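Novice: Give me a model of this one.
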Amino acid sequence: MKGTDIAVSRDHRFSIGVERDGGRFYLSIPVSNRLVDYEEHYEISQAEFDLYRQDLSTALLLVDQCRRRQADSRLMTPPGADRGVAT
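Specialist: Next up, the predicted model:
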């Protein structure tokens, strides 16, 4: 997935952005497995994107759910066999 990050929270380690090809909106968090560091992308609605863009702190509940794997239904790419752990 190729995306363009629009806003980044360095303190809370997440970003929001727009997929380049499909135009879908996402929230991403960094994860690591034993081989590589990468990002998981979770689809968000345009309304969520607009809200989070105005105030990134409003996304923290979803960020926490993503880190606890409670928002997996929103994953834009299914995880592999060696799924990483949120960092």
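Novice: For stretch 42-61, measure first residue to last.
Specialist: 13 Å (CA to CA, to the nearest Å).
Novice: Give me the buried positions along it.
Specialist: Residues of stretch 42-61 classed as buried: Tyr42, Glu43, Ile44, Glu48, Phe49, Tyr52, Leu56, Ala59 (neighbour count, 16 or more other CB atoms under 10 Å). For the C-beta atoms, the positions are set from N, CA and C on the backbone; glycine is no exception.
Novice: Cys66 and His12, how far apart?
Specialist: Distance, Cys66 to His12, by CB to CB, to the nearest Å: 11 Å.
Novice: okay, these two: which has more neighbours?
Specialist: Cys66 (23 against 14; other CB atoms under 10 Å).
Novice: could you measure that one against Arg24, distance?
Specialist: Counting by CB to CB, the gap from Cys66 to Arg24 is 16 Å.
Novice: and if you look at Ser9?
Specialist: As judged by CB to CB, Ser9 and Arg24 stand 20 Å apart.
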